[in-house]
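J.: any chance you can model this:
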Amino acid sequence: MTDDARKDETGTTATGNAGDVDVTIFVCTNCREATDSEARPGIGLIEALKLATEGKPLAVKPVTCLANCDKSPSAAFNHRSGWSYVFGHLSTDNVDDIVTGAMMLAEDERGFLPLRGRPMCLRGKGMTARIPPFHHHEDMPS
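T.: Now for the predicted structure:
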């Protein structure tokens, strides 16, 4: 079922966001705070992000594992037709920065998250991977 099919009469999608979704933020739900702990910080991050993204062209979805366990909790940005990014070492303290970064990606006409202006938690040690879109093409260097 598409987001359009799931819209209610107010134009809100099943994810709670208005309009078309440009970027989906996937948050890992598997990692725990400590090896003996049942606390899963990704769950709280998802709830905080859902509130912070209301009315924005962003969706927030849980994912069992992003295979970024050494940097948990982790999140991934997936642009509908552009690049994807994986970030780690996140917390609910980073919610505003995560939303800022996701909006930067959503607003970039190339579907690329520019480094200039990107919040610090989405740079350096916080960034794990940048994944090109399926249709991406570059020539081999000469």
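
J.: the residue nearest the centre of the chain in helix, strand or coil?
T.: Closest to where the C-alpha atoms of the chain average out (C-alpha atoms, centre = their mean) is residue 25, at 2.5 Å. Using DSSP: H, G, I helix; E, B strand; the rest coil, the structure places residue 25 in strand.

J.: and the pLDDT at the closest residue to it other than its chain neighbours?
T.: For residue 25, ignoring the flanking residues on the chain, the nearest one in space by C-beta to C-beta, 6 or more residues apart in numbering is residue 60 at 5.0 Å. Any C-beta I mention is one placed from the backbone N, CA and C, and that applies to glycine too. Note on residue 60: pLDDT of 98.

J.: tell me the bridge partners for the residue nearest to the centre of the chain.
T.: With DSSP bridges as the criterion, residue 25 is bridged to residue 60, residue 77.

J.: from residue 62, how far out is it?
T.: 10 Å (C-beta to C-beta, to the nearest Å).

J.: repeat that for residue 130.
T.: Distance from residue 130 to residue 62, counting by C-beta to C-beta: 22 Å.

J.: if you average pLDDT per helix and strand, which one of the protein comes out bottom?
T.: Counting by mean pLDDT, DSSP states H and E, the chain has its least confident helix or strand at helix 3-6, which shows a mean of 41.
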